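Novice: turn this into a structure:
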Amino acid sequence: MDHACPAVFAPRLWVYTNFDCNLHCSYCCARSGPRVERRALAMPQFRRLIDEAVEAGITEVFLTGGEPFLLPDIGDRITYAMERVPTTVLTNAMLFHGARLRILDTLAGGSVRFQVSLDGPSPEAHDPIRGAGSWEKACSGIELLRGRGFDVSVSTTETAANSGLERQTRDAVVQLGIQPEAHFFRPLAKRGYSDDGIEVSASTLEPEVTVSRDGVFWHPLACEDDLLVTRRLFPFADALGETHTLYHQVIEAGGMPDRFR
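Specialist: Below is the predicted model of the structure:
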């Protein structure tokens, strides 16, 4: 089998490191929260996944959750990944103190960047979705990361609470020192906890291979059964091959997969 990542989709890999989170966001596509089972990939699995992904042609890794910084060994995981492939960590940036702050210091200078969620220009637009006080803490986390020299991007999900505030949100993010090209807006998807948003499926989503402890999935928007590719993580090249096959089946069935904005 050709172990190169199929050219029909982007050569990047999403990894759900865990599903527990310090926040309970009302639109969370992963159904994360403080009382959610961790369901973390064991470290040996994580290392093997990174190694086989790089061998298969993956050129970028995104670590997401849950909140990855709840894992005691997240520093070791990030280090292992970034030493082999450019790595982005998705975080709410609210936990950077004590031992977690020391973890950041060990990552300085590595091939890692952070993507922080900020859903509006003020607490009034952000906190109704993510919890009281979370806007201020996210902004402080962004400033802390930038102050330590890390590349930081910001993602904003369009919600009823921030409707009509795109220009103000973009301006607020620039004030935090983030370049406009590193600020991403995405529509709300009707997945996970969200009862609102656009309907998505394999027939409408261009695949972005995603791994959790539970298997290999079509897209990071949902580790749910309808987007499951295979329960077998390894050999990872086989999972990529199955995704490639499924993609062609979707096309042949009349689907029109497109990249999720």
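Novice: so for the closest residue to residue 207 other than its chain neighbours, what's the pLDDT?
Specialist: Sequence neighbours aside, residue 9 is the residue nearest to residue 207 in space, at 4.5 Å (criterion: Cβ to Cβ, 6 or more residues apart in numbering). All C-beta atoms are positioned from the backbone trio N, CA, C, and that covers glycine. pLDDT recorded at residue 9 is 72.
Novice: for residue 9, list the residues it contacts.
Specialist: 206, 207, 208, 209, 243, 244, 247 (Cβ atoms under 8 Å, 6 or more residues apart in numbering).
Novice: name the SS class of it, please.
Specialist: coil (DSSP: H, G, I helix; E, B strand; the rest coil).
Novice: residues of stretch 117-128 that come out buried?
Specialist: 117, 118, 119, 120, 121, 123, 125, 126, 127, 128 (16 or more other Cβ atoms under 10 Å).
Novice: wait, isn't the fourth one in contact with residue 134?
Specialist: It refers to residue 120. No: Residue 120 is beyond contact range of residue 134, at 10.8 Å (criterion: Cβ atoms under 8 Å).
Novice: joint contacts of those two?
Specialist: residue 126.
Novice: picking that back up, helices - which of the buried residues of stretch 117-128 land there?
Specialist: 123, 125, 126, 127, 128 (DSSP state H).
Novice: would you agree the first one is in contact with residue 136?
Specialist: Which is residue 123. Yes: the pair residue 123 / residue 136 is scored as a contact, 6.6 Å apart, by Cβ under 8 Å.
Novice: all helices of the stretch 101-250 of the chain, in order?
Specialist: Assigned by DSSP state H, counting those that start in this stretch, the helices in the stretch 101-250 of the chain fall at 123-130, 134-147, 166-175, 236-252.
Novice: what about the nearest residue to residue 128 once chain neighbours are set aside, neighbour count?
Specialist: The spatial neighbour of residue 128 that comes closest, neighbours along the chain excluded (Cβ to Cβ, 6+ apart), is residue 161 at 4.7 Å. Residue 161 has 17 neighbouring residues, counting by other Cβ atoms under 10 Å.
Novice: residue 161 and residue 122 touch, don't they?
Specialist: No: Residue 161 lies out of contact with residue 122 (Cβ under 8 Å); the separation is 10.2 Å.
Novice: so, low pLDDT: which residues of the stretch 51-200 of the chain?
Specialist: By pLDDT under 70, the stretch 51-200 of the chain contains no weakly predicted segment.
Novice: quick check: the residue positioned nearest the centre of the chain vs residue 172, distance?
Specialist: The centroid of the chain falls nearest to residue 64 when counting by Cα atoms, centre = their mean (4.0 Å). According to Cβ to Cβ, to the nearest Å, residue 64 stands 23 Å off from residue 172.
Novice: likewise residue 160?
Specialist: Taking Cβ to Cβ, one finds residue 160 at 19 Å from residue 172.
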